[in-house]
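Enquirer: Dropping the sequence and predicted coords here.
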Amino acid sequence: MSDIAPISSGPLARIGPASVGRASSSVRAEAAPSRRGTDQVEVSDMAYYMSQLRSLPPVRQDLIDQVRSQVEAGTYETPQKIDAAIEAMFDDLTS
């Protein structure tokens, strides 16, 4: 007979010490009462930021292409556009 203790089918079984050298001794496993905990979900910072990105409006590729072509042609940076950009940055900084 083997000195290996039987495996309990209970969720939290405690197996007592096995007696080495005695084939007739058996080890009994006592099943602890099952307890249910509460489930918990942790969301990483990366997952949070990814969910925020999904809620942004779609990219306006036509506007990006238009501005890119104006920059390449040298017609985008007019004094009026530079003044408007400076004012918008100042408004963002003061609000």
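Expert: Everything's here; your move.

Enquirer: where does this structure dip in pLDDT?
Expert: Regions of the chain meeting the criterion pLDDT under 70 cover residues 1-3, 5-33.

Enquirer: What ranges does it have for its helices?
Expert: For the chain, the helices defined by DSSP state H cover 45-54, 61-73, 79-94.

Enquirer: Any idea which of the ones you listed gets closest to residue 39?
Expert: Set against residue 39 and scored by C-beta to C-beta, the helices of the chain come closest in helix 45-54, at 17.2 Å. C-beta here means a position set from N, CA and C on the backbone, and glycine is covered the same way.

Enquirer: picking that back up, of all the helices of the chain, which one comes closest to residue 36?
Expert: Nearest to residue 36 among these is helix 45-54 (26.3 Å), distances taken as C-beta to C-beta.

Enquirer: contact partners of the closest one?
Expert: Residues from elsewhere that reach helix 45-54, judged by C-beta atoms under 8 Å, 6 or more residues apart in numbering: none at all.

Enquirer: Just the C-alpha atoms of it, please, in PDB.
Expert: C-alpha atoms of helix 45-54 as PDB (Å, rounded to 0.1, in the frame of the first residue of the first chain):
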ATOM      1  CA  ASP A  45      -3.900  53.300 -15.600                       C
ATOM      2  CA  MET A  46      -3.300  52.200 -19.100                       C
ATOM      3  CA  ALA A  47      -6.700  50.600 -19.500                       C
ATOM      4  CA  TYR A  48      -8.300  53.800 -18.100                       C
ATOM      5  CA  TYR A  49      -6.400  56.000 -20.600                       C
ATOM      6  CA  MET A  50      -7.300  53.700 -23.400                       C
ATOM      7  CA  SER A  51     -11.000  54.000 -22.500                       C
ATOM      8  CA  GLN A  52     -10.700  57.800 -22.500                       C
ATOM      9  CA  LEU A  53      -9.100  57.700 -26.000                       C
ATOM     10  CA  ARG A  54     -12.100  55.700 -27.200                       C
END
